[in-house]
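> what's the 3D shape of this:
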Amino acid sequence: MECERLMRPKTGGRRRGFWRKYSGRATCFWSRPAGPCAWTFCSTSSKSPPKKAKSGRRRLPSPLSCWSSTMLYHLLAPLADEVGILRLFGYITFRAAAATITALLLVFIFGRPIIKRLARLHATEVPREDGPSSHRTKEATPTMGGLLILLAIAVPTLLFADLGNRYVLMALAVTLGLASLGFLDDYLKNIKRRPLGLIARYKLIGQTLLGLAVGCVLYFWPVDPAHSTVLTIPFFKEVQLDLGWGYIPFAALVIVGTSNTVNLTDGLDGLAIGSTLFAGLAYVVFVYVAGHAVFARYLDVTYLADIGELTIFMTAFVGASLGFLWFNSHPAEVFMGDTGSLALGGAIGTVALFCKQELLLLVVGGVFVLEGLSV
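Here you go, the predicted structure:
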C-alpha cells in the first residue's frame, strides 16, 4: 500500500516518544526528535520493524525504499539526496500518473513515424475472401499498429514499476509473448501476403501454453497461497470457490478467451481499442483497491499484498490505449492487428486472474463476450 507521512515537529531536541502502527503489510513510524517536519516513505514488504542500531536508536525506513527496484531509481539514484522531489516516486499513485502520461506521449511522438513506416512496408490488411464486405474498405489501411501500443506499455512499466514484483513481470511476459505470436501472424499475413497467416491451430497452441504457464505459476509458486486458486463470485461477498489444480486450465481458458475475443473485435474503427480502454480503466481500479489494505477492507475486496504495483502496468495500458484511439478512431489511420489485439486481450485476462476478478470480465468486457458468442 502507499506510504504515509512522517512528522518531525520541533520538541527541544529530546526524543519524547515513539509510535508504531501496522496497516496491512506496510510498517509506518512516527517519532518526535528535534528538527523540522519531513516526508518519508515506508516499505510495503512484510518484513519486521527496523532493528535497533548499535547506538540504541531504531533505524527509520529509507525514503527511497518504495521505488528502489525500478529502473528509474538506478538512473536517478545519484541525485536522490539533493533533489527532494524524487521522493514522490515512493507513491504508487504518482508513478501510475507518470506511467499514463509517458505512455500517451510515446504514442503521440512515435505514432506518425511508425504508421508511415508500416505503409512503406505495405503492411496493410489482407481481407479474407469469406470475410465481411465492410472489411474490404479498409484494405489500404496499415495494420500491425500493436507495435506502437507495446512500446507505450513496456517503456513506462520498465521505468516506473517495481521490476522485482512478480505480478508485473508475469503481466509483461504474457503481453510480450502473445504480441510475438500476433506479430508472426501479421507478418505472414500482411507482409508475406498469405491470407491465412499463421495456421490457427499453431496460434491456439501458443496461447494455450502461455495460459497454462500462468496457471502453473499461480498454483505451484503463488505470491499469495491463500488466494492463488480461489475464484471470487461477483456481488456475493462470502462466496468463494477454491478450484485447486483446476485453476491451471481455468487460467488458460481465461487468457485464450480474452485474447481471441479482442482479436475478433479488431477491424472496425475504434471498436476494439475503445472497448479495451474501458476494460483497462476498470481493472486499474480493481488492482489498486486489491493492493490497498484500507480500501480492500472497507469495500470488502480480497486484499492481495504486492499487487498494487500492477497499477503502474495497467495505467500504462490505459495511456497507450487512449493514445492509439486517436489514430484508430474514424477514419482509422492504422489498425492494431493481431500484434496488438492478442497482447491487449491477454493482458486483461492475466490481470483479471491476478486480482481475483475473473468473472467480472463478463461484465467489463461485454463487447468482447458478445463478439465471441456471435462467431
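> how about the helices in the stretch 151-300 of the chain?
In the stretch 151-300 of the chain, the segments counted as helices under DSSP state H, counting those that start in this stretch are 166-186, 200-220, 247-265, 271-290, 293-298.
> any chance of these in TSV, plus mean pLDDT?
Formatted as TSV, the helices of the stretch 151-300 of the chain follow (pLDDT from 0 to 100):
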stretch	mean pLDDT
helix 166-186	94
helix 200-220	93
helix 247-265	93
helix 271-290	93
helix 293-298	90
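> which residue packs closest to residue 210, ignoring adjacent ones?
residue 177 (5.1 Å; C-beta to C-beta, 6 or more residues apart in numbering). Backbone N, C-alpha and C define where each C-beta goes, glycine included.
> residues contacting that neighbour?
Neighbouring residues of residue 177 by C-beta atoms under 8 Å, 6 or more residues apart in numbering: 206, 210, 346.
> repeat for residue 276
Counted by C-beta under 8 Å, 6+ apart, residue 276 has contacts 262, 321, 344, 345, 348.
> can you tell me which of those lies nearest to residue 333?
Checking those against residue 333 with C-beta to C-beta, the nearest one is residue 321 at 15.7 Å.
> my guess is that closest one contacts residue 343. True?
No: in this structure, residue 321 is not within contact of residue 343 by C-beta atoms under 8 Å, at 11.3 Å.
> what's the overlap in contacts for those two?
residue 149.
> strands of the protein, start to end?
18-23, 26-31, 230-232, 240-242 (DSSP state E).
> re earlier: filter the contacts of residue 276 down to the ones in helices?
Among these, DSSP state H puts 262, 321, 344, 345, 348 in helices.
> show me where pLDDT drops low in the protein?
Low-confidence segments of the chain, defined by pLDDT under 70: 1-84, 126-139, 237, 375.
> against which helices or strands is the helix ranked longest in the chain packed?
The longest helix of the chain (DSSP H) is helix 92-120. When contacts are defined as 3 or more C-beta pairs under 8 Å, 6 or more residues apart in numbering; DSSP states H and E, helix 92-120 packs onto helix 146-160, helix 271-290, helix 310-328.
> can I see the domain layout of the chain?
With domains defined by automatic domain parsing, the chain comprises 1-66, 92-374.
> how about the ones you listed, which one is nearest residue 86?
domain 1-66 (7.6 Å).
> buried stuff in stretch 160-172?
160, 161, 162, 163, 165, 166, 167, 168, 170, 171, 172 (16 or more other C-beta atoms under 10 Å).
> how long is it end to end?
13 Å (C-alpha to C-alpha, to the nearest Å).
> give me the contact list for that stretch.
67, 69-72, 89, 95-96, 98-99, 102, 154, 157, 214, 217, 223, 306-307, 309-310, 312-313, 316, 347, 350-351, 354.
> which among the residues you listed end up buried?
Counted by 16+ other C-beta under 10 Å, these give 67, 70-72, 89, 95-96, 98-99, 102, 154, 157, 214, 217, 223, 306-307, 309-310, 312-313, 316, 347, 350-351, 354 as buried.
> re the thing from before, most neighbours among the ones in helices among the contacts of residue 276, which one is it?
residue 344 (35 neighbours; other C-beta atoms under 10 Å).
> contacting residues for that one?
146, 149, 175, 262, 272, 273, 276, 317, 321, 336.
> try residue 255
Each residue near residue 255 by C-beta under 8 Å, 6+ apart is listed here: 174, 207, 210, 211, 214, 346, 349, 350, 353.
> would you mind measuring from the closest residue to it other than its chain neighbours to residue 359?
Leaving aside its chain neighbours, residue 255 sits nearest to residue 211 (3.7 Å; criterion: C-beta to C-beta, 6+ apart). When distance is defined by C-beta to C-beta, to the nearest Å, residue 211 is 17 Å away from residue 359.
> which one's more surrounded, the two?
Neighbour totals were compared for residue 211 and residue 359, and residue 211 leads with 28 against 15 (other C-beta under 10 Å).
> pretty sure the more buried one contacts residue 254?
Yes: using C-beta under 8 Å, residue 211 makes contact with residue 254 at a distance of 7.2 Å.
> between those two, which contacts overlap?
With C-beta under 8 Å, 6+ apart as the test, residue 211 and residue 254 both reach residue 349.
> what's near enough to touch residue 314?
Neighbours of residue 314 in contact, by C-beta under 8 Å, 6+ apart: 280, 283, 284, 287, 351.
> got the buried residues for stretch 285-296?
Buried, per 16+ other C-beta under 10 Å, within stretch 285-296: 286, 287, 288, 289, 290, 291, 292, 293, 295, 296.
> farthest-apart pair in the residues you listed, please.
Farthest apart among the buried residues of stretch 285-296 - using C-beta to C-beta - are 286 and 293, which lie 15.2 Å from each other.
> could the buried residues of stretch 285-296 go into TSV alongside distance to residue 250?
As requested, the buried residues of stretch 285-296 are exported to TSV (distance: C-beta to C-beta, whole Å):
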residue	distance to residue 250
286	18
287	20
288	24
289	23
290	19
291	22
292	26
293	27
295	27
296	23
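> of these, which is the nearest to residue 369?
residue 286 (17.6 Å).
> need the contact list for the closest one.
Here residue 286 is in contact with 301, 355, 357, 360 (C-beta under 8 Å, 6+ apart).
> got CSV for the residues you listed, with neighbour count and distance to residue 245 too?
Conversion of the contacts of residue 286 to CSV gives the following (neighbours: other C-beta atoms under 10 Å; distance: C-beta to C-beta, whole Å):
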residue, neighbour count, distance to residue 245
301, 19, 25
355, 26, 21
357, 23, 21
360, 18, 23
